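Trainee: output the structure for:
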Amino acid sequence: MKNAVLLNHKATILNLLWVALPIILLVAILPKLPESSTLQANYRYPFPPSLPGSDDRRGSLLREVTFYQQRVSQDPESGMNTAALAVAYMKMAKGTGESSWYLLAQQTAERSLTNLSFNNNSAVLVVARVAQAKHDFTEAIRLSQQVLKLERGNQQAQAILVTSHLALGKLSAAKAEADALANQSPNQGNLSLQALVQVAQGRDKDAINTFKLAIAAEEPGETGSSAWTRTMLGQYYYKHGQLALAGELYREALRILPRYPLALLHLAELETRQGDYKAAESNYDQVNPRTKETSTIFDHVVLRGKARLKHLQGEEKASVDLLDKAEILLRQQTTAGQTNGAFGHRRELARLLLERDRPQDAIEALSLMQSELAIRRDAQTLDTLAWALFRSGHIPEAKSTLDEALRLGTQDATIFYRAGTISEALSNHQQAETYFHLATDVDPTFDRQARQALGLGLDNFGF
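Mentor: You can find the predicted model right below:
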C-alpha cells in the first residue's frame with residue numbers, strides 16, 4: 001500500500017511537470033557548476049543534479065516518441081496508443097519550444113479523440129495545453145473543466161486552470177484552484193503554482209514562504225521542477241532589486257539543469273542590467289546552441305535581448321537588425337493563425353513596436369493590445385495596453401487601464417513607474433510622486449539602466 005501511494009505521488013509530480021512547468025531538455029551536457037558559496041542553504045539543491053541514465057533527456061524522449069509511433073503504425077485506430085503518442089509529442093514541444101511539436105501533438109490528440117471520443121482525458125488535456133500555448137485560455141479552461149467533470153481531482157487539469165486564470169487576470173479563481181491543489185497534494189509543483197498566484201496578488205511574504213515550502217518538498221530526480229521553481233523565485237528577487245540573490249538562484253537552476261532556457265534568459269537579463277554585456281551575450285547564445293530550421297518560442301526573446309545589448313553598447317545598426325529579425329518572427333507567429341501551430345505573440349510584438357518609439361508603431365501596438373485584451377487581462381497585459389494608449393495620446397484611457405492593473409495587487413516597479421509617468425502627464429504631480437516612491441519601494445535599484453534592461457516579456461509558464 002505504501003509503495004502504491006509513493007508511485008501515485010511520483011506520477012502526480014511527473015504529470016505536473018510537463019503540464020504546468022516548462023521542462024527543458026538538455027541539448028548538450030555542460031560541466032557542472034560548483035556549489036554556490038553564497039546561496040542560502042535552504043535554496044540549494046540537495047541532491048545530485050543527474051541520476052544514472054538521465055543525462056540524455058532529449059534522446060530519452062525521442063525514444064518514447066519512436067516507441068509510440070511504432071505502436072500507432074501497428075494499430076492506427078487505437079485511441080489510447082494515439083493519445084500516448086500525442087502526450088510524447090507534447091513533452092517534446094515543452095522540452096524544445098519548437099512549434100512543430102505542438103502542431104503534431106494537437107493533430108495526434110484530435111485523431112485520438114476521433115478514434116476514442118469518451119474516457120480519453122489524456123488526449124483532451126493535450127488539446128487543452130496546445131490551446132493554452134496559443135493563448136486561447138478560455139478554450140483551455142473549458143477543456144480542463146470537461147476533464148474534471150469526468151475525473152474529479154485530475155491535477156493536470158487543475159494546474160491548467162491555475163495558469164489560465166492567472167493569464168486572464170482572474171486571480172480569485174486562480175487562488176481557489178491553486179489552494180485546492182496545494183491542499184490536496186503539497187508537492188513542489190503545486191506549491192510553486194500557489195506561490196505564483198500569491199505574487200500576482202501582491203502577497204509577497206506569503207509567496208516567499210510558499211516558495212521555500214516548495215523547495216523543501218522537492219524530490220531527487222525532479223530536476224525540471226527544481227530548476228523552474230528557483231528560476232521563478234529568482235525572478236521575484238530580481239524584480240525586487242535583490243540582484244545578487246536572483247543571480248545565485250538562476251545559476252543554481254543551471255547547475256541543476258544545464259542550458260535551461262528560462263534560467264539563461266533571466267540571467268542574461270540580469271547581467272544586462274548589471275552592465276556585464278559579454279556574459280549576457282554568452283548566455284543568450286546558449287539558449288539555442290544549434291542551428292534549427294524551425295523556430296522556437298525563445299527565438300524572439302533572444303533576438304530582443306541581443307538587440308538591447310547592442311543598443312546599450314552604442315551599436316545601433318546591429319541593434320536595429322536584430323530587432324527587425326525579432327519583428328519578423330513575431331509577425332509570423334501572430335498572423336499565421338491557429339492552424340499551423342503558431343503562437344499568438346501579440347503582446348510581445350506590441351512591446352517591441354513600443355520600444356522602437358515611432359508614431360506609426362504606437363498605433364499598431366494599440367490595435368494589437370486591444371485585440372489581446374479579449375484573450376488575457378493580467379497585470380502585464382493591462383500595463384502594455386496602458387503603454388500603447390499613452391504613446392498614442394489617449395492618456396486618460398491609459399490611466400484607467402493602469403488603474404485596473406493596480407487593483408489586481410501585483411507589486412511591480414514597472415507598473416508603478418508607468419502609473420507615475422501617466423499621472424505626471426495629467427498634471428497629477430503629487431500622485432505621480434507617490435507612484436514613483438512605490439516603484440522604488442518595490443525595487444530600490446529601479447534606475448534608468450534597470451528600466452532599459454526590463455521588459456523582455458518572458459512568460460512564467462511557457463504559454
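Trainee: Ser423 against Tyr435, yeah?
Mentor: Yes: Ser423 lies in contact with Tyr435 (C-beta atoms under 8 Å); the separation is 6.1 Å. Backbone N, C-alpha and C define where each C-beta goes, glycine included.
Trainee: how about low-confidence regions in the stretch 201-350 of the chain?
Mentor: Residue ranges of the stretch 201-350 of the chain with pLDDT under 70: 289-295, 335-344.
Trainee: which parts of it are helices?
Mentor: Applying DSSP state H, counting those that start in this stretch to the stretch 201-350 of the chain gives helices spanning 204-216, 223-239, 243-256, 261-274, 277-287, 299-312, 316-335, 346-356.
Trainee: dump the ones you listed into CSV; add mean neighbour count and distance to Leu389 as well.
Mentor: As requested, the helices of the stretch 201-350 of the chain are exported to CSV (neighbours: other C-beta atoms under 10 Å; distance: least, C-beta to C-beta, whole Å):
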stretch, mean neighbour count, distance to Leu389
helix 204-216, 18, 28
helix 223-239, 26, 23
helix 243-256, 23, 31
helix 261-274, 25, 26
helix 277-287, 19, 31
helix 299-312, 22, 22
helix 316-335, 17, 20
helix 346-356, 23, 11
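Trainee: I'd like these laid out as TSV, including distance to Glu177.
Mentor: Compiled in TSV, those are given as follows (distance: least, C-beta to C-beta, whole Å):
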stretch	distance to Glu177
helix 204-216	15
helix 223-239	18
helix 243-256	26
helix 261-274	23
helix 277-287	31
helix 299-312	28
helix 316-335	28
helix 346-356	23
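Trainee: looking at these, which is nearest to Asp441?
Mentor: Closest to Asp441 of the helices of the stretch 201-350 of the chain is helix 204-216 (C-beta to C-beta; 11.3 Å).
Trainee: and that closest one, what does it pack against?
Mentor: helix 188-200, helix 223-239 (3 or more C-beta pairs under 8 Å, 6 or more residues apart in numbering; DSSP states H and E).
Trainee: out of the ones you listed, which gets nearest to Arg44?
Mentor: helix 223-239 (9.4 Å).
Trainee: picking that back up, closest one to Thr108 among the helices of the stretch 201-350 of the chain?
Mentor: Proximity to Thr108 (C-beta to C-beta) singles out helix 316-335 among the helices of the stretch 201-350 of the chain, at 21.5 Å.
Trainee: quick one, the closest one and helix 346-356 angle?
Mentor: If you take axes from the mean of the first three to the mean of the last three C-alpha atoms, to 10 degrees, helix 316-335 sits at 150 degrees to helix 346-356.
Trainee: ok so, going back, what's the closest of the helices of the stretch 201-350 of the chain to Ala374?
Mentor: Smallest distance to Ala374 across the helices of the stretch 201-350 of the chain (C-beta to C-beta): 10.2 Å, for helix 346-356.
Trainee: on that earlier part again, among the helices of the stretch 201-350 of the chain, which comes closest to Leu366?
Mentor: Closest approach to Leu366 among these (C-beta to C-beta): helix 346-356, 7.9 Å.
Trainee: other SSEs contacting the closest one?
Mentor: Contacts defined by 3+ C-beta pairs under 8 Å, 6+ apart place helix 346-356 against helix 299-312, helix 316-335, helix 359-372, helix 379-391.
Trainee: which other residues reach the third one?
Mentor: Counting contacts by C-beta atoms under 8 Å, 6 or more residues apart in numbering, the residues outside helix 359-372 that touch it are 334, 346-347, 349-351, 353-354, 381, 384-385, 387-389, 391-392, 394.
Trainee: contacting residues around the nearest residue to Thr410 once chain neighbours are set aside?
Mentor: Leaving aside its chain neighbours, Thr410 sits nearest to Ala379 (4.2 Å; criterion: C-beta to C-beta, 6 or more residues apart in numbering). Ala379 is in contact with Gly169, Ala200, Ala405, Leu408, Thr410, Asp412, Ile415, counting by C-beta under 8 Å, 6+ apart.
Trainee: contacting residues around the helix or strand where the last one lies?
Mentor: If I follow you right, that is Ile415. Following DSSP states H and E, one finds Ile415 within helix 413-425. By C-beta under 8 Å, 6+ apart, the surrounding residues in contact with helix 413-425 are 239, 241, 379, 383, 386-387, 390, 395, 398-399, 402, 405-406, 429, 431-436, 438-440, 442-443, 446, 450-451, 454-455.
Trainee: check stretch 307-322 too.
Mentor: Applying C-beta under 8 Å, 6+ apart, the contact partners of stretch 307-322 are Thr272, Tyr277, Ala280, Glu281, Tyr284, Leu303, Arg304, Lys306, Leu323, Ala326, Gln452, Ala453.
Trainee: surely the first one and Gly305 touch.
Mentor: Yes: the pair Thr272 / Gly305 is scored as a contact, 7.0 Å apart, by C-beta under 8 Å.
Trainee: coming back round to it: out of the helices of the stretch 201-350 of the chain, which is closest to Glu151?
Mentor: Closest among those, once you apply C-beta to C-beta, is helix 223-239, at 22.5 Å.
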